[in-house]
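Novice: Sequence first, predicted model second:
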Amino acid sequence: MFETYDIIIIGGGHAGCEAAWAAANLKCRVLLITQHLNNVGMMSCNPSIGGVGKGQLVREIDAMGGMTGIVADMSMIQIRMLNKSKGPAMWSPRSQNDRRLYSYYWRKFLESNNNIDFWQDTVVSVIVENDRVVGVETQMNQKIFSKAVVITAGTFLTGKIYIGEYTAEGGRIGENPALGLTASLNAHGIQSEKLKTGTSVRLDGRSIDFSKMQEQKGDEPVFGFSYTNVKLPEKQLSCYITHTNEKVHDILRTGFSKSPMFTGRIEGTGPRYCPSVEDKIERFSDKNSHHLFLEPEGWDTHEYYINGFSSSLPFEVQFAALAHIPGLEHAKVLRPGYAIEYDFFSPTQLQSILESKILENLYFAGQVNGTTGYEEAAAQGLIAGANAALKLSGKAPVVLGRNQAYMGVMIDDLVTKGVDEPYRLFTSRAEYRLLLRQNNADARLTELAYGVGLVDKQRAETTAEKYEKVNELISFFDKHSADPEKINSFLDRIDSSLLTQKTPYSSLLLRNEISIDFLTDNGICSLPVHLNDDVVKEETGIRIKYKSYIEREHEVSERLLRLENIRLRPDFDYNGLLSLSYEAREKLSKQKPASIGQASRIPGISPSDINVLIVYLKK
């Protein structure tokens, strides 16, 4: 019944969708196997894309030809730029999305690609020959062969759902877990562990009193994630902010004795940066209130998600506590909050290309690598799918550096340091976050993506033309100067130092209180028509204002890049190098870093250990 495919993707979530799209666009024949075809691209938790660090990932995915940004823009119901009061390194786009439309558009795009086939089933094992994966076996006793396999099974591997003392097997509430695959991989030497995550109750908006809450509107004008021209919504829906209180906390505490998290029935560690409401009450006992965000699930539904109220407490406790939250006194619950425990595979068992070190042509992406979040999963899916396809065609893989992309930061963190709790990407994880801004992902990655075949020539040329305009506008501000007689009255008005002589506009733009729009709106200078573009002006302003800081980060990254270029063989005998500490020999032998740079980031490896390696390699 089945042809021999180039690549089989296991799982139709965010990682699986991006993996299938990337591999198919690189001319591979792809089979996407998922338990429910109607749930392709499902937003299992909150109906939102982006956020701090995550928004940068979505921009990078888009710059490399992925579809998450486009799908998010097409299903958007609200958009905001977070951290706008801070520097541009911290700006992070975040959208609210129509859950149904998001899934609809993902499936529509995937079905539009003739290189992708679909099969609804559950994979129970991988087929291995000579330490190489050659296919999969499914629950319906189908053996399907391929040249590579990408596992993107999310939270479904041996998944268990917890609501108080109630327990059920499942990968999502109402959906069966994926059984068998973990045991199959364990039998081939791939180690698995447990993690936990959770989700919040869903409420009927018709029973919510929004007048008791703070309205949170979207930004105007509307903008999107994608660098392409996607039609954006003409209106936006609002979110709403309310809060817990001591009464709510007291009610929630009555359920702690039945909480699977506190009684030890859940073995897996939960996400530190997205804790359940009971975890927040326990960890931050000095706080008598926590913010809650009510997020609409779509244009044509009254369903609302409560961000900040994830819980695995008994349903009756969740329900009783909700009745004492301002605006939710009479709220009707559509679905309870619950926790889910699932299998993951330590990502230190992977190479930087997300291929297994143990079984050739087997790739892992998403929550099976210990991450949390749609965006982290999608980014890994794109890299895993692309690298599987590139390997099959005999081409060099995509390996992004920490100075190139947040994707590079995340993957390096995973394969070098591993995880002991669900990994979430933040801007603080990046050493060079001023280089990795959300608005310049196309400058960093689109040419690279074109080189491997992930984006077409027209898009690469459009990106190049955009940054030619940026460079031209920077040159314009360097060459033209402001006349004191013309500008001093405006400077005096904003309490900025007056000029005593003609000064280049680029020098004026170094002042925090002066922007390009300030110069143009007040008639101080006129831009060439072809350069009077908001996107070009924003990037130009950032490059001028932060020039010295950007140059400094470039210099530091170039120095550290030298360590990345000192390669280490996978068969290097660290145990034979007695000058290394015992801990270093043990960890380096286990993880087999690809370079001195990667070795230096392994926890427990000291600078003296790195010096020993460098001296040895020089000899």
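Specialist: Nice, I can see it.
Novice: hey, let's count contacts and neighbours off CA atoms from now on
Specialist: Noted.
Novice: And residue 500, how far from residue 484?
Specialist: Using C-alpha to C-alpha, to the nearest Å, residue 500 is found at 6 Å from residue 484.
Novice: If you count surrounding residues, which of those two has more?
Specialist: Legend: neighbour count by other C-alpha atoms under 10 Å for residue 500 and residue 484, higher for residue 484 (15 against 10).
Novice: show me the contacts for that one.
Specialist: With contacts defined as C-alpha atoms under 8 Å, 6 or more residues apart in numbering, residue 484 is in contact with 498-502.
Novice: can you rerun that using 6 Å?
Specialist: residue 499 (C-alpha atoms under 6 Å, 6 or more residues apart in numbering).
Novice: What's the separation between it and residue 180?
Specialist: Note on residue 484: its distance to residue 180, by C-alpha to C-alpha, is 76 Å.
Novice: same thing with residue 424?
Specialist: Noted for residue 424: a distance of 27 Å to residue 180, by C-alpha to C-alpha.
Novice: Need the CA coordinates for the top strand by length along the chain. PDB is fine.
Specialist: Criterion DSSP state E: the longest strand present in the chain is strand 192-204. Provided in PDB are the C-alpha atoms of strand 192-204 (Å, rounded to 0.1, in the frame of the first residue of the first chain):
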ATOM      1  CA  SER A 192      13.800   8.400  28.200                       C
ATOM      2  CA  GLU A 193      12.600  10.300  31.200                       C
ATOM      3  CA  LYS A 194       9.400  12.000  32.400                       C
ATOM      4  CA  LEU A 195       8.300  15.600  32.300                       C
ATOM      5  CA  LYS A 196       5.000  17.300  33.200                       C
ATOM      6  CA  THR A 197       3.100  20.200  31.800                       C
ATOM      7  CA  GLY A 198      -0.500  21.500  32.200                       C
ATOM      8  CA  THR A 199      -3.300  23.600  30.900                       C
ATOM      9  CA  SER A 200      -6.000  25.900  32.200                       C
ATOM     10  CA  VAL A 201      -9.800  25.700  32.400                       C
ATOM     11  CA  ARG A 202     -11.800  27.000  29.500                       C
ATOM     12  CA  LEU A 203     -14.700  29.300  30.200                       C
ATOM     13  CA  ASP A 204     -17.900  30.300  28.500                       C
END
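Novice: For that strand, name the packing helices and strands.
Specialist: Strand 192-204 sits against strand 303-310, strand 333-335, strand 338-345, with contacts defined as 3 or more C-alpha pairs under 6 Å, 6 or more residues apart in numbering; DSSP states H and E.
Novice: Just give the strands next to the second one in its sheet, each with its orientation.
Specialist: According to DSSP bridges, strand 333-335 forms sheet pairs with strand 192-204 (antiparallel).
Novice: The partner strand relative to strand 338-345, how many degrees between them?
Specialist: Inter-element angle recorded for strand 192-204 and strand 338-345: 150 degrees (by axes from the mean of the first three to the mean of the last three C-alpha atoms, to 10 degrees).
Novice: what's strand 192-204 in contact with?
Specialist: 45, 268-270, 302-305, 309-310, 332-345.
Novice: sorry, back to before: any idea which of the helices and strands packed on strand 192-204 is most buried?
Specialist: Neighbour counts (mean count of other C-alpha atoms under 10 Å) averaged over each of the helices and strands packed on strand 192-204 peak at strand 338-345, with a mean of 26.
Novice: Please work out which residues outside it touch it.
Specialist: With contacts defined as C-alpha under 6 Å, 6+ apart, strand 338-345 is touched by 155, 157-163, 191-199, 311-312, 368-370.
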